[in-house]
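Engineer: Fold the following, please.
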Amino acid sequence: MTPPPFTLGPALLFCPADRPDRYVKALDRADAVILDLEDAVARDRKEAARQALVDHPVDPDRTIVRVNAVGTPDHADDLAALARTAYRTIMLPKADGTFVGPLLGPDGGPYAVVALCETAAGVLAAPALAARPDIVALAWGAEDLVASLGGTSSRRADGTYRDVARYARSAVLVAAAATGKAAIDAVHLDIGDLDGLRAEAADAVAVGFAATMCIHPSHADVIRAAYAPSDEKVAEAREVVGAARRAASAGAGVLTVGGRMVDAPLVRHAEAVLRRAGWQDRSGDDAAP
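Structural biologist: Sure, this is the predicted structure:
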């Protein structure tokens, strides 16, 4: 049994699993919530977080549960708690080549796994992880990555990523795309830096990320706005796709739209814009001409 493709997003909001009072609020603000049993929960609150996960259910179709990493003392306990819920999508932190899985739910089928590649080993293992049928998406994280390298900062003084973080981001994106899986961009830790978040989210859209994680409710709307194409972009994409279809019917290849040469890759760019337009309005209309 293979889990269905990952379609959540674009704004995925973390919520500490030991704060059930925030579960519904997080879902109201974002497209999906990541209930976090790992870094957001203190050592002495792990069991309380697991019990809250069981006692306070929210929409399982819009919920991801970040469990503790394979090999940690809490991992098995997390899975035991998860088996008592309807949640079937897991985020696995520090995923790497040692993850043999699959992680099975109470029905015997595999959980849908978002592999978080946030160590040097994880980034190198991204292609192998993406090829696994139980893994539906790859995500990446800068801070644990730099820690695994023995470094001290993922960003320069101006707030932009250092080269090694940019390399990891690109490597995870390419590995996911090579196997048709979704790629999820990392959180922007500076809560007040909405301009920086906006720029990173816009770049994520431009290069093909399917979603962006965030740690504060105020970030969700910024991410959504960045992923939503403007009316102008949708109109341009409609024109390109429509012209391409007419050209294909006439047996033509390369065409000109608005004085610009358009070939097959640019048509696919336009189709991606239309898919995002349909995703944003959730109307069931794929916005195709």
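Engineer: Excluding residues flanking it in the chain, which one is nearest residue 84?
Structural biologist: Distances taken as Cβ to Cβ, 6 or more residues apart in numbering put residue 54 closest to residue 84, at 4.9 Å, once the chain neighbours are dropped. Placement of C-beta: from N, CA and C, glycine included.
Engineer: Secondary structure class of the one you found, three-state.
Structural biologist: What DSSP: H, G, I helix; E, B strand; the rest coil gives for residue 54 is helix.
Engineer: low-confidence ranges in this protein?
Structural biologist: Where the chain drops to pLDDT under 70, the residues are 230-231, 234, 237, 243, 247-254, 257, 259, 261-263, 279-289.
Engineer: Which residue ranges of it form helices?
Structural biologist: In the chain, the segments counted as helices under DSSP state H are 23-29, 46-55, 75-82, 120-124, 126-130, 142-149, 163-178, 194-207, 217-227, 231-249, 264-281.
Engineer: hmm, back to that, pull the number of nearby residues for the residue nearest to residue 84.
Structural biologist: Using other Cβ atoms under 10 Å, residue 54 is surrounded by 14 other residues.
Engineer: just residue 266 next, same as before
Structural biologist: Neighbours of residue 266 using other Cβ under 10 Å come to 16.
Engineer: now it: how far from residue 211?
Structural biologist: Per Cβ to Cβ, to the nearest Å, residue 266 is found 24 Å from residue 211.
Engineer: With residue 37 instead?
Structural biologist: Per Cβ to Cβ, residue 37 is found 20 Å from residue 211.
Engineer: Which residue, other than its chain neighbours, is closest to the spatially most central residue of the chain?
Structural biologist: For the chain, residue 184 is the residue whose C-alpha lies nearest the centre (Cα atoms, centre = their mean; 2.6 Å). The shortest distance from residue 184 to any non-neighbouring residue, by Cβ to Cβ, 6+ apart, is to residue 139 (3.8 Å).
Engineer: which residues touch the closest residue to residue 15 other than its chain neighbours?
Structural biologist: Nearest residue to residue 15 in three dimensions, chain neighbours excluded: residue 26, at 4.2 Å (Cβ to Cβ, 6+ apart). Taking Cβ atoms under 8 Å, 6 or more residues apart in numbering, we find residue 26 in contact with 13, 15, 33, 217.
Engineer: Please tell me how far residue 26 sits from residue 95.
Structural biologist: Distance, residue 26 to residue 95, using Cβ to Cβ: 23 Å.
Engineer: Next: residue 142.
Structural biologist: The gap separating residue 142 from residue 95 is 15 Å, by Cβ to Cβ.
Engineer: higher neighbour count, these two?
Structural biologist: The neighbour comparison of residue 142 against residue 95 (other Cβ under 10 Å) goes to residue 95, with 27 against 22.
Engineer: Please name the nearest non-neighbouring residue to that one.
Structural biologist: residue 115 (3.9 Å).
Engineer: Please look at that neighbour and residue 139 and confirm they touch.
Structural biologist: Yes - Residue 115 is in contact with residue 139 according to Cβ atoms under 8 Å; the separation is 7.1 Å.
Engineer: Of those two, give the one with the bigger neighbour count.
Structural biologist: Using other Cβ under 10 Å as the criterion, residue 115 and residue 139 rank with residue 115 on top: 33 against 30.
Engineer: List the contacts of the more buried one.
Structural biologist: Contacts for residue 115 (Cβ under 8 Å, 6+ apart) come out as 92, 95, 99, 122, 126, 129-130, 135, 137-139.
Engineer: Could you give me the PyMOL syntax to select whichever of those residues are buried?
Structural biologist: The following PyMOL line selects those of those that are buried, judged by 16 or more other Cβ atoms under 10 Å:
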select buried, resi 92+95+99+122+126+129+130+135+137+138+139
